[in-house]
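Peer 1: here are the coordinates; sequence isn't available:
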């Protein structure tokens, strides 16, 4: 760090509490002086163990810790800090040439990192942003509506510890440009979390562009993402830009990445590595500036072993992994979600439906293999089946084929029942318009027709391909 006092006195900074952790006394003292001159309240710790003792006894907004120390290193401080005070913002300091360690710290929950030697201005900017982020997290209970709107969380319903942990990490990573891989079962709300990360990022004013890889063939997916030149393939009557270019300055959300082929994965990897794409039928590269958020309900590590997913692409995407918990892992959120979806139904239909205690209790007993999506569809169905203002337990059609009290004989039966309910509810919402159903469910027209035929869903005519 250079010139510790020249800019600090002139730099206005909000008051905040910072813990500086470094076993090199000169570095620790000099850093603390800069922060104090900028208006921060600063405590010092000469070891990781001493830092954890201070954290257990006093509140801090930011912990600024060196990575390489004695028995308890910077990673130990990071882990302990997040256990003791989950909302504290940890900034790690690392020597030049050890960036890999800093990236690993970010993956484990650190807010930011500084590479030694660093300038006073850089230190103050990073710490200032950390204090601001800590205060935003601390004010969630007082400014819940404003906070949720700011980070695009209006539709993420729940207050369970499992969900709060995911959203806390999502808010942390939103401030960076790190690539995020969202995993979790189908219907858990991965796209909602992706939109929240985008909304809370510096790219929030730019496009959020989603693409569902499972709904598009490999050939069309390449054209969809990268664009194509006129005449590059049959049917390409005009040139078009791809979703990478449409998302310029913003975020490209690649859903169901596990459904892609290794051939396409190689092309995607090259685009991510080079920061440029080539339109189909063109040889000149096009520079792109996008943040990538990918999602999958597949076990990609198993897919790597089975040679169905490229290991190098996995590590390129898995910079910050976020696992979205299944609904059965956060049962305390089920009544909140049920009320939320019923309120939405009431607003759309002008009805005044309400849950009975028995109906909510029945919903708490179910394991929800289709997760939040299945719950939403069941709420629609229960509201439609109820013949009065109250939705009773008998209106909640949980079981095989959606019949109350039925028991599925296999996982395939459960999944089929969930799919059938999802399609039937979507058909009701869309007034039977299958083109709208295709867009809402994120599947192809052919897939919808095949599922309706297999599941016995009433369909007069197949949708156009």
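Peer 2: Happy to help now that I have it. These figures come from a predicted structure and were not determined experimentally.
Peer 1: skipping adjacent residues, who's closest to residue 379 in space?
Peer 2: The shortest distance from residue 379 to any non-neighbouring residue, by Cβ to Cβ, 6 or more residues apart in numbering, is to residue 341 (4.1 Å). For the C-beta atoms, the positions are set from N, CA and C on the backbone; glycine is no exception.
Peer 1: list the buried residues in the helix or strand hosting the one you found.
Peer 2: For residue 341, the element it lies in under DSSP states H and E is helix 334-349. The neighbour-count check on helix 334-349 (16 or more other Cβ atoms under 10 Å) flags 334, 337, 338, 340, 341, 342, 345 as buried.
Peer 1: wait, doesn't the fifth one sit right on residue 374?
Peer 2: Spelled out, that is residue 341. No - taking Cβ atoms under 8 Å as the definition, residue 341 is not a contact partner of residue 374, at 11.2 Å.
Peer 1: need the contact list for the closest residue in space to residue 256 that isn't next to it in sequence.
Peer 2: For residue 256, ignoring the flanking residues on the chain, the nearest one in space by Cβ to Cβ, 6+ apart is residue 214 at 4.0 Å. Applying Cβ atoms under 8 Å, 6 or more residues apart in numbering to residue 214 gives the contacts 255, 256, 259, 442, 443.
Peer 1: distance of residue 214 from residue 121?
Peer 2: According to Cβ to Cβ, to the nearest Å, residue 214 stands 47 Å off from residue 121.
Peer 1: same check, this time on residue 279
Peer 2: Distance of residue 279 to residue 121, computed by Cβ to Cβ: 41 Å.
Peer 1: those two: who's more crowded?
Peer 2: residue 279 (22 against 15; other Cβ atoms under 10 Å).
Peer 1: so that one sits against residue 228, correct?
Peer 2: Yes - using Cβ under 8 Å, residue 279 is in contact with residue 228, at 5.4 Å.
Peer 1: pull up the overlap in contacts between the two.
Peer 2: Joint contacts of residue 279 and residue 228 (Cβ under 8 Å, 6+ apart) are 239, 242.
Peer 1: so what does the helix or strand following the helix holding residue 341 touch, helix or strand wise?
Peer 2: Going down the chain from helix 334-349, the next helix or strand is strand 354-355, by DSSP H and E. Here strand 354-355 touches helix 334-349, strand 390-391, going by 3 or more Cβ pairs under 8 Å, 6 or more residues apart in numbering; DSSP states H and E.
Peer 1: check which helices and strands the first one is in contact with.
Peer 2: Spelled out, it's helix 334-349. So helix 334-349, by 3+ Cβ pairs under 8 Å, 6+ apart, packs with strand 354-355, helix 357-364, helix 371-385.
Peer 1: kindly reformat the helices and strands packed on strand 354-355 as CSV containing distance to residue 355 and mean pLDDT.
Peer 2: CSV is the format used below for those (distance: least, Cβ to Cβ, whole Å; pLDDT from 0 to 100):
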stretch, distance to residue 355, mean pLDDT
helix 334-349, 6, 89
strand 390-391, 5, 90
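Peer 1: redo the ones you listed as CSV? Include distance to residue 455.
Peer 2: CSV is the format used below for the helices and strands packed on strand 354-355 (distance: least, Cβ to Cβ, whole Å):
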stretch, distance to residue 455
helix 334-349, 22
strand 390-391, 25
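Peer 1: where in the stretch 201-350 of the chain is pLDDT low?
Peer 2: Regions of the stretch 201-350 of the chain meeting the criterion pLDDT under 70 cover residues 231-237.
Peer 1: all strands of it, in order?
Peer 2: In the stretch 201-350 of the chain, strands defined by DSSP state E, counting those that start in this stretch lie at 208-212, 227-228, 240-241, 251-255, 276-277, 286-287, 291-296, 320-323, listed in chain order.
Peer 1: can you say which of the ones you listed is nearest to residue 91?
Peer 2: Proximity to residue 91 (Cβ to Cβ) singles out strand 320-323 among the strands of the stretch 201-350 of the chain, at 16.3 Å.
Peer 1: among the contacts of residue 214, which one has the most neighbours?
Peer 2: Ranking those using other Cβ under 10 Å puts residue 255 first, with 22 neighbours.
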